[in-house]
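Q: here you go, sequence then predicted model.
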Amino acid sequence: MDTILQENHHANRSGDRVLLGMSGGVDSAAAAYLLKRAGYRVTALTLQTVSDGDGRYVADIAHALAIEHIEIDAVDDFHRDVMTPFVDSWRSGETPNPCVLCNRDFKFQRLAEIADRLGCDYIATGHYARLVGDLPHRYLLRAKERKRDQSYFLYRLPRAILDRTLLPLGNYTKDQVREIVSSFNMELGQKADSQDICFLGAMKLSRFLSEQGLEDLPGNFIDTRGTVLGEHRGSWHYSEGQRRGLGISLGERMTVLRKDSVRNLVVLGDEKEAMMESLELRDVASIDQLPSAFDASVQLRSQGKVFPAHIVLEGDTSASVHFESPVRLTSIGQSVVFYLEDRVLGGGIVRRMA
């Protein structure tokens, strides 16, 4: 039996219809192949956003697999739900993760809405993560290939979405996925991986943000004692925890500790000063209800390490995270995700570090 069937709460019934988000990349192509092989009636959906996308590949995939393909203009929705909040977050001094916002507020939401309109039973994507167990105890887990795991980006998805979602690639490695796609489209199977922020294209992030109205306002780098160390280009160019690309040479490696937007200062410190014992989260979300206090492993960045910590919920959408031992700073605006071994519990967005 295919892995895709072993790990989902439903046994596939011949003819069940699934709406698959398809970008024209290797991963969604492999997902389409696996879903069709498992007996689903697959409809591929391409949401046209701001990038040119890979329409040629999507058409080739749909033809090769004999699946239905539809395209929907979603440019305005994408601007409103993803790009504008992303830019606003940078403008406020944060370092946001657009993929987390996109999955919750745009991609999966649109998939579910259009699936309902078309009468599809399930939705699916080419994310590397797993959904296991029977309802009502179905869990979101890390992917088999840890370095490709994308469960971090899915922690904000509500239970109602997860319970109708298929993730065919969770038990496959990237090499296996490329082999699958090469079996029906050799060129696509060898296509390079896409970049992290899809709407940038070949543009650098700093140029994009400048074009969105973030101005360069030079100010001072200072240390924790207030001593001026040099001049910076504008505080939005820097993120807490950053060590490279500071544009200043001080004889030792320095790290951005914090930013003072009111005084237009960027505070630098050495490695000892770049550690934190706790952090505060806003906009906390969980797949299922969490206890008011619990222990978990926390992941601070999409491909970062995990650290043991004690989490205390403070109201409906706030929490504090207390590490067993000091860890390096992350950035304000980044997501922190709670794990119980490989299972995703939830997470939140960094508001403050101490």
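A: Perfect, I can see it now.
Q: going forward, measure contacts between C-alpha atoms and count neighbours the same way
A: Noted.
Q: residues near the closest residue in space to Arg282 that isn't next to it in sequence, how many?
A: Leaving aside its chain neighbours, Arg282 sits nearest to Ser318 (4.7 Å; criterion: C-alpha to C-alpha, 6 or more residues apart in numbering). Using other C-alpha atoms under 10 Å, Ser318 has 19 other residues around it.
Q: how far away is Ser318 from Ser151?
A: 21 Å (C-alpha to C-alpha, to the nearest Å).
Q: ok, Phe294 next?
A: Phe294 is 20 Å from Ser151, by C-alpha to C-alpha.
Q: okay, the two: which has more neighbours?
A: Ser151 (25 against 12).
Q: hang on, the more buried one packs against Tyr139?
A: No: Ser151 lies out of contact with Tyr139 (C-alpha atoms under 8 Å); the separation is 11.1 Å.
Q: what touches both of these two?
A: Common contacts of Ser151 and Tyr139 (C-alpha atoms under 8 Å, 6 or more residues apart in numbering): Val344.
Q: can you tell me how far the residue nearest to Arg282 is from Pro218?
A: Ser318 is 34 Å from Pro218, by C-alpha to C-alpha.
Q: kindly report the same for Gln176.
A: Gln176 is 49 Å from Pro218, where distance means C-alpha to C-alpha.
Q: what's the separation between the residue nearest to Arg282 and Ser297?
A: Where Ser297 is concerned, Ser318 sits at a distance of 18 Å (C-alpha to C-alpha).
Q: Lys147 now?
A: Lys147 sits 17 Å away from Ser297, going by C-alpha to C-alpha.
Q: higher neighbour count, these two?
A: Ser297 (22 against 13).
Q: need the nearest residue in space to the more buried one, chain neighbours excluded.
A: Pro308 (4.5 Å).
Q: what about that neighbour, helix or strand, and which?
A: strand 306-313 (DSSP states H and E).
Q: now that strand: how far from the chain's centre is it?
A: 20 Å (C-alpha atoms, centre = their mean, to the nearest Å).
Q: I'd say Tyr57 and Gly24 touch.
A: Yes: Tyr57 lies in contact with Gly24 (C-alpha under 8 Å); the separation is 5.1 Å.
Q: in the chain, what spans have low per-residue confidence?
A: 1-14, 51-55 (pLDDT under 70).
Q: what's the domain layout of it?
A: Split into domains by automatic domain parsing, the chain comes to 3-200, 215-269, 275-353.
Q: those: which one's closest to Leu209?
A: domain 3-200 (6.9 Å; C-alpha to C-alpha).
Q: chain center to that closest one, what's the gap?
A: The mean C-alpha position of domain 3-200 is separated from the chain mean by 12 Å, C-alpha atoms, centre = their mean.
Q: near Met254, how many other residues are there?
A: 22.
Q: contact partners for it?
A: Per C-alpha under 8 Å, 6+ apart, neighbours of Met254: Arg243, Leu268, Gly269, Asp270, Glu271.
Q: what's the burial count for the third one?
A: For Gly269, the neighbour count with other C-alpha under 10 Å is 21.
Q: beta partners of it?
A: Thr255 (DSSP bridges).
Q: pretty sure it contacts Lys259?
A: No: contact criterion C-alpha under 8 Å: Gly269 and Lys259 do not qualify, at 12.0 Å.
Q: let's have the domains of the chain in TSV, adding distance to Arg207.
A: Shown next, in TSV, are these (distance: least, C-alpha to C-alpha, whole Å):
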stretch	distance to Arg207
domain 3-200	10
domain 215-269	11
domain 275-353	20
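Q: out of the ones you listed, which is closest to Ser206?
A: Here domain 215-269 is closest among the domains of the chain (C-alpha to C-alpha), at 7.1 Å.
Q: distance from the chain centre to that closest one, please.
A: With C-alpha atoms, centre = their mean, you get 27 Å for domain 215-269.
Q: ok, so what distance separates Gly126 from His63?
A: Remark: distance between Gly126 and His63 (C-alpha to C-alpha) = 19 Å.
Q: quick check on the residue nearest the centre of the chain: phi, psi?
A: Closest to where the C-alpha atoms of the chain average out (C-alpha atoms, centre = their mean) is Phe153, at 3.0 Å. Main-chain dihedrals, Phe153, degrees, to the nearest 10: phi -80, psi -10.
Q: ok, the residue nearest to it when sequence neighbours are not counted - contacts?
A: Distances taken as C-alpha to C-alpha, 6+ apart place Val100 nearest to Phe153, at 4.8 Å, with adjacent residues excluded. Residues in contact with Val100 (C-alpha under 8 Å, 6+ apart) are Phe153, Leu154, Tyr155, Arg156, Ser335.
Q: how far away is Val100 from Ser182?
A: 30 Å.
Q: same thing with Gly15?
A: The value you get for Gly15 to Ser182, if C-alpha to C-alpha is used, is 26 Å.
Q: Val18: helix or strand, and which one exactly?
A: Val18 belongs to strand 17-21, assigned by DSSP H and E.
Q: do the same with Glu324
A: Here Glu324 is assigned to strand 319-328, by DSSP H and E.
Q: what are the ranges of the strands in the stretch 51-200 of the chain?
A: Applying DSSP state E, counting those that start in this stretch to the stretch 51-200 of the chain gives strands spanning 68-73, 122-124, 129-132, 139-142, 165-166.
Q: elements contacting the last one?
A: So the one you mean is strand 165-166. In this structure, strand 165-166 makes packing contacts with strand 122-124, judged by 3 or more C-alpha pairs under 8 Å, 6 or more residues apart in numbering; DSSP states H and E.
Q: if you set the cut-off to 10 Å instead, what comes out?
A: strand 17-21, helix 108-118, strand 122-124, strand 129-132 (3 or more C-alpha pairs under 10 Å, 6 or more residues apart in numbering; DSSP states H and E).
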